[in-house]
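A.B. asks: could you work out the structure for the sequence below:
(one chain, ligands or ions: 1)
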Amino acid sequence: MAKRIDVKDLDIYYGSFRAVRSVSMTIQPRAVTALIGPSGCGKSTYLRALNRMHELIPSARVEGKVVMDDQDLYAPGMDPVDVRKHVGMVFQRPNPFPTMSIYDNVAAGLRLNNKRLRKSETDEVVEESLRGANLWEEVKDRLRKPGSGLSGGQQQRLCIARAIAVRPDVLLMDEPCSALDPISTHAVEDLMAQLKENYTIVIVTHNMQQAARVSNYTGFFNIAGTGQPGELVEIDETPTIFSTPTHTATEEYISGRFG
Ligand SMILES: Nc1ncnc2c1ncn2[C@@H]1O[C@H](COP(=O)(O)OP(=O)(O)OP(=O)(O)O)[C@@H](O)[C@H]1O
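C.D. replies: Sure thing, here's the model as predicted:
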């Protein structure tokens, strides 16, 4: 659990368009790393490349290295489905399987991974994951009701429960609170603070206060102009990025002067 990721010279393309250029960074375990930057600078593209999710887009490809502990995630023979078991993802809009019960939504992760578990074992993992996502107390009496009947914030925590049910090492979160109200946002932020004890977390966020509140490290991405690739300008401990960044562009962005 909670592995470190070393990214080296990562370029990401959609067809002939290079969307992200030459990113190198180390993502620390048991910490939250926030990725910030103006729209279109490639934050989501980069996040998806960390678990090979971009491969679902036919024209997308990467060059460079993503190494988790000592395992190259792009090594020949490495199965992307296997990569995603270790590097889970939570999306912007809560996306529980709408017709499935709360219980089955969490168990779905296990079933998709072909884990053959006895009912009692599945019960255990479902409870443990819902507890881990701070949702158990709210749903324990209605596990057989549809996941789609939960509030937006509860649905997002259900999706987090589904993601952690398979015990990944890393959790990627793409603007996980942008569709949530402030109270649900607070619940998910609290949850991140707890989850980082056991996981490596990378979050893309447009909300600067959120990055400052939840993350230990912040990476600032920028883009020189339309049609240009996005680049990592700098990454550092979050207090440093927000108080004394090295680059003027970072300072301008976090103080709201552009983006
Ligand atoms: N499926 C795709 N096919 C082609 N180009 C894409 C695709 N997805 C994203 N892009 C392009 O890649 C670049 C980076 O997009 P991306 O969504 O990663 O940026 P972002 O920083 O996450 O933006 P936002 O903050 O608005 O979500 C943009 O120029 C975008 O138009």
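A.B. asks: quick check: Leu73 touching Met53?
C.D. replies: No: between Leu73 and Met53 there is no contact under CB atoms under 8 Å: 11.4 Å. C-beta coordinates here come from the backbone N, C-alpha and C atoms, glycine included.
A.B. asks: list, one by one, the residues from the stretch 101-250 of the chain near the ligand.
C.D. replies: Proximity of the stretch 101-250 of the chain to the ligand (CB under 6 Å from any ligand atom) is limited to residues Gly230.
A.B. asks: now the strands for the stretch 101-250 of the chain?
C.D. replies: Remark: strands assigned in the stretch 101-250 of the chain by DSSP state E, counting those that start in this stretch are 170-174, 200-204, 217-223, 230-237.
A.B. asks: what helices and strands are in contact with the third one?
C.D. replies: What that stands for is strand 217-223. Contact analysis of strand 217-223 by 3 or more CB pairs under 8 Å, 6 or more residues apart in numbering; DSSP states H and E lists strand 32-36, strand 230-237, helix 238-243, helix 248-254 as its packing neighbours.
A.B. asks: helices or strands next to the first one in the packing?
C.D. replies: On a contact count with 3+ CB pairs under 8 Å, 6+ apart, strand 32-36 meets helix 43-49, strand 200-204, helix 208-214, strand 217-223.
A.B. asks: mind listing the strands that strand pairs with, and their directions?
C.D. replies: Here strand 32-36 is paired, per DSSP bridges, with strand 200-204 (parallel), strand 217-223 (parallel).
A.B. asks: winner for burial among those?
C.D. replies: strand 200-204 (a mean of 26; mean count of other CB atoms under 10 Å).
A.B. asks: what does the average pLDDT come to for it?
C.D. replies: Average pLDDT, strand 200-204: 98.
A.B. asks: got the contact list for that strand?
C.D. replies: 2-5, 27-36, 43-44, 47, 50, 169-176, 192, 195, 211, 214-215 (CB atoms under 8 Å, 6 or more residues apart in numbering).
A.B. asks: what sits up against stretch 220-238?
C.D. replies: 11, 17-25, 33-38, 40-43, 45-46, 211-212, 215-219, 241, 245-247, 249-250, 253-254.
A.B. asks: list the contacts for Ala211?
C.D. replies: 34, 36, 203, 205, 218, 238.
A.B. asks: that older thread, list only buried entries from the contacts of stretch 220-238.
C.D. replies: Among the contacts of stretch 220-238, those classed as buried by 16 or more other CB atoms under 10 Å are 11, 18-21, 23, 25, 33-38, 41-43, 45-46, 211-212, 215, 217-219, 241, 245, 249-250, 253-254.
A.B. asks: what's the distance between Arg61 and the ligand?
C.D. replies: 11 Å (CB to the nearest ligand atom, to the nearest Å).
A.B. asks: what's the burial count for that residue?
C.D. replies: Neighbours of Arg61 under the rule other CB atoms under 10 Å: 14.
A.B. asks: check Val62 too.
C.D. replies: Neighbour tally, Val62, other CB under 10 Å: 20.
A.B. asks: wait, what's in contact with it?
C.D. replies: Neighbours of Val62 in contact, by CB under 8 Å, 6+ apart: 10-13, 49, 54, 74.
A.B. asks: residue contacts, the residue sitting nearest the centre point of the chain?
C.D. replies: Per CA atoms, centre = their mean, the C-alpha nearest to the average position across the chain is that of Leu172, at 1.6 Å. With contacts taken as CB under 8 Å, 6+ apart, Leu172 has the following neighbours: 47-48, 50-51, 87-90, 201-203.
A.B. asks: can you check Val139 too?
C.D. replies: By CB under 8 Å, 6+ apart, the neighbours of Val139 are 102, 130, 150, 154, 158.
A.B. asks: next: Arg167.
C.D. replies: Met1.
A.B. asks: quick check: which of the helices and strands packed on strand 217-223 is nearest to Ser120?
C.D. replies: Closest approach to Ser120 among the helices and strands packed on strand 217-223 is made by strand 32-36 (33.7 Å; CB to CB).
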